[in-house]
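# following is a predicted model, sequence given first.
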Amino acid sequence: MAEPSFADIPDPAGGLAPAAPASPVTAPSEPSLTRGQRGLRRSVVLLLSAAWVSAIVWRLGLRDDVSAMEVILPLALWIAVGAAGLWAAARRRGPGLPPPAPVALAVSIAVPALFAAVAFAWSTPEGLSAEVAEEAMRWATIRACLLVTLLLAAGPVALACFLLRRSFLSAPAWRGAAVGAVCGIAGAAGVHTHCPVGMSGHVLVAHGIPILVAALVGAVLGALRGRV
Amino acid sequence: MEEAGLNAAMDRYASGDAGAFPVLHRALYPRLYAYLTRMSGSSATADDLAQETFLRMHRARSTFAAGGAVLPWMYAIARNVYLDHVRSSRLRRTERLPSDPGSMPADVSSSAESAAIAAQAARAVERVLARIPAGQRDAFVLIRYEGLSVQDAAAVLGTTVTAVKLRAFRAYEALRAELAVVKESAPKAGEAKKRGGADG
């Protein structure tokens, strides 16, 4: 589409004399973070989020086969998905503004989708007895993992809410959802180091649904408190 | 003040240099005021909204990216301030913008007719801007009146370059159509006046 010339449209406010600001003007007295202080805060939040997940997993205990490749590979992939999602949602474009809202939307959808894809790819139903499989899909088992994963994700979500309030210039709900999804996959990765069940059904429901919940919570918090 | 100087001032302010704020305020206020006047339709409201915008810029200064451009950032915040104002007051733009009496042609003999046509055109633009979807109005105002590039306007609005081009183009088409009607009716009105004078 050729760019039209808009110059033929008159400016109805063109004759306005700009109001002279009162002088001298001083900076508002209300305290506000400087860039350096925000950077420090961001580092502390990331460390505290990692500490939160690590402390809970340590308290619950690591699974016996945590060093096996079939555990480490999906774990590494989920961490990589989370890191990529965070980078995509947080990177700045040319004039230093955030990426377009469709990027945040894409991250909100891609993070849980990729989690599910990895869960399917590394599903380990073979060799499981019928009893074990049935136990893995019992509501009591699923509920326990669901609650643990939600707890693991809750810490990063709360810390992100604290760090990112009044930070989003546009599309605060979608950006909040993207951050929430990243926090959710951090929780799912954490519970994966504790829960020995590899069945995709269990992983998707018990470890995956909290990603969606965290994304939803992030969207709500973003809409309520996220916009500058 | 040139844009590089403004960006450097904002960088200093984001890093904690309070002395940069008066520099930014002096340089940005006229543009901010004009933009908010176009959006809100009221110069009094625009002044209040401009002060609120500077306050939010102060609160959010730590989020200003190092080496970023302050103008698109300011416009994004100003747009949010305006949107919050609209939501809280639950008003649609009903007040007219002050029409532009300043850009009158020097030709004295046709100045009255030209002034009338210019005023009609200005009112037509106001009507269309008040009527079209907010997304189209925002894109058009940022590009046409605030002088932002399409890329910067897209960044301000949080959308893609393609979406901004499309919205601005649709606004432009609506404005052109309305102005064509105004131009068509203007000579007929002039002739009717002359006939009335001759008969009278």
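Yep, that arrived.
# other SSEs contacting the one helix or strand B:Val156 maps to?
Assigned by DSSP states H and E, B:Val156 belongs to helix B:150-157. For helix B:150-157, the packing partners by 3 or more Cβ pairs under 8 Å, 6 or more residues apart in numbering or on different chains; DSSP states H and E come out as helix B:70-89, helix B:134-140, helix B:161-199. C-beta: built from backbone N, CA, C; applies to glycine.
# any stretches of chain A with poor pLDDT?
A:1-5, A:14-24, A:124-129 (pLDDT under 70).
# excluding its backbone neighbours, what's nearest whatever residue of it ends up closest to chain B?
Among the residues of chain A, A:Gly96 lies closest to chain B, at 2.0 Å counting by Cβ to the nearest Cβ. Using Cβ to Cβ, 6 or more residues apart in numbering or on different chains and skipping the chain neighbours, the partner closest in space to A:Gly96 is B:Gly68 (2.0 Å).
# tell me who's in contact with that neighbour.
Residues in contact with B:Gly68 (Cβ atoms under 8 Å, 6 or more residues apart in numbering or on different chains) are A:92, A:95-97, B:7, B:10.
# about what we covered before: buried deepest among the helices and strands packed on helix B:150-157, which one?
helix B:134-140 (a mean of 22; mean count of other Cβ atoms under 10 Å in any protein chain shown).
# that one near chain A at all?
Yes. Using Cβ under 8 Å from any Cβ of the partner chain, helix B:134-140 comes into contact with chain A via B:Phe140.
# may I see the buried residues of the helix holding B:Val156?
Using 16 or more other Cβ atoms under 10 Å in any protein chain shown as the test for burial, helix B:150-157 gives B:150, B:152-157.
# got the angle for that helix vs helix B:70-89?
Going by axes from the mean of the first three to the mean of the last three Cα atoms, to 10 degrees, helix B:150-157 is angled at 40 degrees with respect to helix B:70-89.
# which residues touch helix B:150-157?
By Cβ under 8 Å, 6+ apart, helix B:150-157 touches A:3, A:93-95, A:97-98, A:100, A:169-170, B:69, B:71-72, B:75-76, B:79, B:135, B:138-139, B:142-143, B:148, B:160-161, B:163-165, B:168.
# same deal with stretch A:64-74?
For stretch A:64-74, using Cβ under 8 Å, 6+ apart, the contacting residues are A:63, A:118-119, A:121-122, A:124, A:192-193, A:196, A:198.
# could I get the residues you listed as JSON lines with distance to B:Leu49 and secondary structure?
Formatted as JSON lines, the contacts of stretch A:64-74 follow (distance: Cβ to Cβ, whole Å; DSSP: H, G, I helix; E, B strand; the rest coil):
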{"residue": "A:Arg63", "distance to B:Leu49": "56", "secondary structure": "coil"}
{"residue": "A:Val118", "distance to B:Leu49": "48", "secondary structure": "helix"}
{"residue": "A:Ala119", "distance to B:Leu49": "49", "secondary structure": "helix"}
{"residue": "A:Ala121", "distance to B:Leu49": "52", "secondary structure": "helix"}
{"residue": "A:Trp122", "distance to B:Leu49": "54", "secondary structure": "coil"}
{"residue": "A:Thr124", "distance to B:Leu49": "59", "secondary structure": "coil"}
{"residue": "A:His192", "distance to B:Leu49": "49", "secondary structure": "helix"}
{"residue": "A:Thr193", "distance to B:Leu49": "51", "secondary structure": "coil"}
{"residue": "A:Pro196", "distance to B:Leu49": "58", "secondary structure": "coil"}
{"residue": "A:Gly198", "distance to B:Leu49": "56", "secondary structure": "coil"}
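# how much space separates the nearest residue to B:Ala153 once chain neighbours are set aside from B:Ala177?
Excluding the flanking residues, the one nearest B:Ala153 by Cβ to Cβ, 6+ apart is B:Leu142, at 4.2 Å. Distance of B:Leu142 to B:Ala177, given as Cβ to Cβ, to the nearest Å: 21 Å.
# same check, this time on B:Ala18
Here the criterion is Cβ to Cβ. By it, B:Ala18 lies 50 Å from B:Ala177.
# ditto for A:Ser67
70 Å.
# what's the answer for B:Val86, then?
Counting by Cβ to Cβ - B:Val86 and B:Ala177 are separated by 26 Å.
# please apply the same query to A:Ala188.
Taking Cβ to Cβ, one finds A:Ala188 at 54 Å from B:Ala177.
# what do you get for A:Val148?
Counting by Cβ to Cβ, the gap from A:Val148 to B:Ala177 is 61 Å.
# ok, B:Leu49 next?
Distance from B:Leu49 to B:Ala177, by Cβ to Cβ: 30 Å.
# and the closest residue to chain A within chain B, which of the three is it?
When scored by Cβ to the nearest Cβ, chain B has B:Gly68 as its residue closest to chain A, at 2.0 Å. Classification of B:Gly68 by DSSP: H, G, I helix; E, B strand; the rest coil places it in coil.
# distance of it from B:Arg61?
Taking Cβ to Cβ, one finds B:Gly68 at 11 Å from B:Arg61.
# any shared contact partners between the two?
Contacts common to B:Gly68 and B:Arg61, judged by Cβ under 8 Å, 6+ apart, are B:Met10.
# where along chain A do the helices fall?
A:35-60, A:69-90, A:101-121, A:130-136, A:139-164, A:172-192, A:200-202, A:209-221 (DSSP state H).
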